[in-house]
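**Q** below are the sequence and a predicted model; questions follow.
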Amino acid sequence: MSKREVRRIQVTGGSTFIVSLPKWWAEDLKLRRGDLLDILPQPDQSLVIIPRGRSDEGKMSASIDATSIEDAEGIVRLLIARYLAGYDTISIRFSGHAPDFGYRIKDAIRRKLVGVEVMESSSDRIVVQSLIGHLEFPLKAAISRMYVLSSMMHRDAVRALKEVNLSLADDVEQRDDDVDRLYFFVVRQLKSAVVDRSLIKELGLSGPKDCLGYRLVAKSLERIADHAINIAQAARMLSAPVGKELMGSIEEVSSVAMNVCEYAMRALSRLDVELAQRSISLAREVEAFEGTLTKRILESGATSQSMIGLRLALESIRRTADYGADISEIAINLSA
């Protein structure tokens with residue numbers, strides 16, 4: 001029912017305020033006399049009413065009939081959608097026509113999802129269960145871990161570029177799965193809080209508006225990791241190590257980009273507007289630096305493929321700073 005309903009406050013016993021509940025709402029939830037309701041005050045002075053023990057009803061388990069899907073990745077996408085929606089136990093039935101089909105699904109689960117374990121497995125059915133929640137792994141700790149991983153990926157990617165170290169470039173690419181797993185975990189927690197607002201305080205957030213802010217922060221960190229991969233892949237395009245002076249300048253602008261992200265994360269944790277503004281100013285310096293370095297790359301005398309690789313790496317360094325500035329803007333918004 002979407003129509004707004006108005007209820008008049010009644011007083012009983014001279015001191016108790018009473019407001020009646022909509023009958024259609026109580027009947028839909030099968031509420032009975034004596035049932036308990038949780039009443040949660042919100043920062044905007046509204047109240048959220050949740051039938052105790054029923055906020056997760058109908059969301060605990062899900063089944064996926066994927067017998068018509070022949071692509072393992074397609075099945076994994078359906079699984080991730082259920083995981084993000086907050087289901088704890090998910091049963092997947094598939095055709096099992098390929099000997100390694102089940103293995104490929106389980107391998108994707110291991111690489112992409114935090115705390116999800118395979119409880120049952122057969123040639124045509126897999127049952128998984130999420131064993132880690134916000135109490136075992138707090139939301140802000142997961143976001144902090146995302147930042148640590150993505151910043152380490154960035155630094156190692158620049159090192160791989162400097163040394164034309166393809167083994168290190170491979171290692172950077174493989175670590176992206178760890179960031180993606182944390183990203184999906186964070187989104188799952190935030191979606192759960194949107195559905196059940198009683199979780200907001202448990203997640204360490206001040207109100208519903210924080211859910212969108214932290215969702216954007218997680219996406220920015222995930223994109224920083226993606227750009228670290230781009231930098232690492234640029235190392236494969238170099239025919240020889242970059243000249244010392246030019247590479248030194250690239251390392252310098254990379255360091256500034258990392259400072260943008262570091263200041264942004266510190267500003268987010270403290271809701272420090274001044275530090276956030278400093279981060280955004282540094283991001284503008286990276287953008288200006290990019291133009292100067294692009295000209296030097298074109299004048300370096302390197303092969304065409306090497307110049308393309310360096311240009312792509314430089315663009316990803318600048319984009320990393322941009323995402324750091326985005327986090328700073330979110331910190332400013334949340335502080336308000």
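**A** Cool, the structure landed. Residues are numbered from 1 along each chain as shown.
**Q** in the helix or strand where Gln233 lies, what's buried?
**A** Using DSSP states H and E, Gln233 sits in helix 209-234. Residues of helix 209-234 classed as buried by neighbour count (16 or more other CB atoms under 10 Å): 210-211, 213-234. C-betas here are computed from N, CA, C, even on glycine.
**Q** before we move on, what about stretch 101-108?
**A** Those would be Phe101, Gly102, Ile105, Lys106, Ala108, for stretch 101-108 by 16+ other CB under 10 Å.
**Q** what of stretch 274-289?
**A** Those would be Leu275, Ala276, Gln277, Arg278, Ser279, Ile280, Leu282, Ala283, Val286, Phe289, for stretch 274-289 by 16+ other CB under 10 Å.
**Q** quick check: next helix or strand after the helix holding Gln233?
**A** In N-to-C order, the element after helix 209-234 by DSSP H and E is helix 244-270.
**Q** quick check: next helix or strand after that following helix?
**A** helix 273-298.
**Q** which strands or helices does that next one pack on?
**A** The elements that helix 273-298 packs onto, with contact taken as 3 or more CB pairs under 8 Å, 6 or more residues apart in numbering; DSSP states H and E, are helix 244-270, helix 304-335.
**Q** among those, which is nearest Ser68?
**A** The closest of the helices and strands packed on helix 273-298 to Ser68 is helix 304-335. By CB to CB, the value is 38.6 Å.
**Q** and the strands in the stretch 1-150 of the chain?
**A** Under the criterion DSSP state E, counting those that start in this stretch, strands of the stretch 1-150 of the chain are mapped to 10-12, 16-18, 37-41, 47-51, 61-66, 89-94, 116-121, 125-130.
**Q** can you tell me the strand partners of the third one and which way each runs?
**A** Note on strand 37-41: by DSSP bridges, its sheet partners are strand 47-51 (antiparallel).
**Q** now the strands of the stretch 1-150 of the chain in a markdown table, with distance to Glu163, mean neighbour count and mean pLDDT?
**A** Shown next, in a markdown table, are these (distance: least, CB to CB, whole Å; neighbours: other CB atoms under 10 Å; pLDDT from 0 to 100):
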| stretch | distance to Glu163 | mean neighbour count | mean pLDDT |
| --- | --- | --- | --- |
| strand 10-12 | 76 | 9 | 84 |
| strand 16-18 | 71 | 9 | 85 |
| strand 37-41 | 55 | 12 | 78 |
| strand 47-51 | 55 | 13 | 78 |
| strand 61-66 | 44 | 16 | 88 |
| strand 89-94 | 43 | 20 | 90 |
| strand 116-121 | 37 | 14 | 89 |
| strand 125-130 | 40 | 19 | 90 |
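**Q** quick one: which of these is nearest Ser254?
**A** Nearest of the strands of the stretch 1-150 of the chain (CB to CB): strand 116-121, 34.6 Å.
**Q** starting at the chain centroid, how far to that closest one?
**A** 23 Å (CA atoms, centre = their mean, to the nearest Å).
**Q** show me the domain layout of this structure.
**A** Residue ranges for each domain of the chain read 10-51, 61-130, 139-335, as given by automatic domain parsing.
**Q** looking at those, which is buried most?
**A** Greatest average neighbour count among these goes to domain 139-335 (a mean of 19), per mean count of other CB atoms under 10 Å.
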